[in-house]
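Chemist: Quick one: sequence plus predicted model below, questions after.
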Amino acid sequence: MIPAANLLAFFVAATVIIVIPGPGVLFTIGRALTNGKRAALVSVLGHAFGVLAMVVLIAAGLGMLVAASAIALTIIKIGGGLYLIYIGAQAIRERRSLRAAMNTTSSAQPVPHRRVLRQSFVVGVTNPKALVFFSAVLPQFVDRTSGSVPLQILILGLIFLAIALVSDSAWALAAGVARDWFARSPRRLEAVGGAGGAMIIGLGVSVAVSGATS
């Protein structure tokens, strides 16, 4: 069983990375602004299925690798931490993408829900932020003395998914309600993206340092 301290620390780290707007959130916001709340919630569901597929694959493959080699885990941590720093810097540099998402989707044509589900699944299964988190951050919360490593990775991945469902659903509902508020000051969206990028950088530094000293 995963130690309680690991679960708590993982919950905090996962929440930090999830609430920061990423590909899934941008897609959800776009659907909320074009097709309404129902389509946005459908996109949240499709994205969740995509992330679930990623979790299962990583739990099977990465879990065996981590269980077999502590050196492999250290390399994954350092490499993943550096990449998190990179995407955090990208988020700060491209923070206007949230404003662009609002502007470009306001005049778009409605999309059938089945297509939204398929598209959001692809976004989820190819989400780079989730992939880096599962590959580099999640393994450091695994206790190799507490049972099956792949099973622990799967459990932590499902916890991540549950948090993401709540957060993404909140974004979906808020996007429709807050559209006018954001529209009056697009800089508010930029501020969200900039702050999120800084948080990703901080998490990346923490992961890289942890990997270098473990």
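Modeler: It's in.
Chemist: Show me the helices in this protein, by range?
Modeler: 4-19, 23-35, 37-68, 70-93, 97-105, 113-125, 128-132, 149-177, 179-184, 187-213 (DSSP state H).
Chemist: what packs against the shortest one?
Modeler: If I follow you right, that is helix 128-132. Helices and strands touching helix 128-132, by 3 or more CB pairs under 8 Å, 6 or more residues apart in numbering; DSSP states H and E, are helix 23-35, helix 37-68, helix 70-93. C-betas here are computed from N, CA, C, even on glycine.
Chemist: rank the ones you listed by pLDDT, which is bottom?
Modeler: In terms of mean pLDDT, the lowest-scoring of the helices and strands packed on helix 128-132 is helix 70-93 (a mean of 69).
Chemist: Can I get stretch 45-57 in PDB, CA atoms only?
Modeler: Extracted in PDB, the C-alpha atoms of stretch 45-57 (Å, rounded to 0.1, in the frame of the first residue of the first chain):
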ATOM      1  CA  LEU A  45     -15.100  13.200 -20.400                       C
ATOM      2  CA  GLY A  46     -13.300  12.400 -23.700                       C
ATOM      3  CA  HIS A  47     -10.100  14.000 -22.400                       C
ATOM      4  CA  ALA A  48     -10.400  11.800 -19.200                       C
ATOM      5  CA  PHE A  49     -10.700   8.600 -21.300                       C
ATOM      6  CA  GLY A  50      -7.600   9.700 -23.200                       C
ATOM      7  CA  VAL A  51      -5.600  10.300 -20.000                       C
ATOM      8  CA  LEU A  52      -6.900   7.000 -18.600                       C
ATOM      9  CA  ALA A  53      -5.400   5.100 -21.600                       C
ATOM     10  CA  MET A  54      -2.100   6.900 -21.000                       C
ATOM     11  CA  VAL A  55      -2.200   5.900 -17.300                       C
ATOM     12  CA  VAL A  56      -2.700   2.300 -18.100                       C
ATOM     13  CA  LEU A  57       0.100   2.200 -20.700                       C
END
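Chemist: Give the buried residues for that stretch.
Modeler: Neighbour counts over stretch 45-57 (16 or more other CB atoms under 10 Å) mark 45-48, 50-52, 54-55 as buried.
Chemist: between the residues you listed, which is nearest V166?
Modeler: A48 (10.6 Å; CB to CB).
Chemist: Does the closest one touch G124 like I think?
Modeler: Yes - the criterion here is CB atoms under 8 Å, and A48 meets it with G124 at 6.6 Å.
Chemist: And the pLDDT at L165?
Modeler: 92.
Chemist: Kindly report the same for L151.
Modeler: Note for L151: predicted pLDDT of 87.
Chemist: Enumerate every residue touching the residue lying closest to S169 once chain neighbours are set aside.
Modeler: Using CB to CB, 6 or more residues apart in numbering and skipping residues adjacent in sequence, the residue nearest S169 is V44, 5.3 Å away. Counting by CB atoms under 8 Å, 6 or more residues apart in numbering, V44 makes contact with 24, 28, 120, 165, 168-169, 172.
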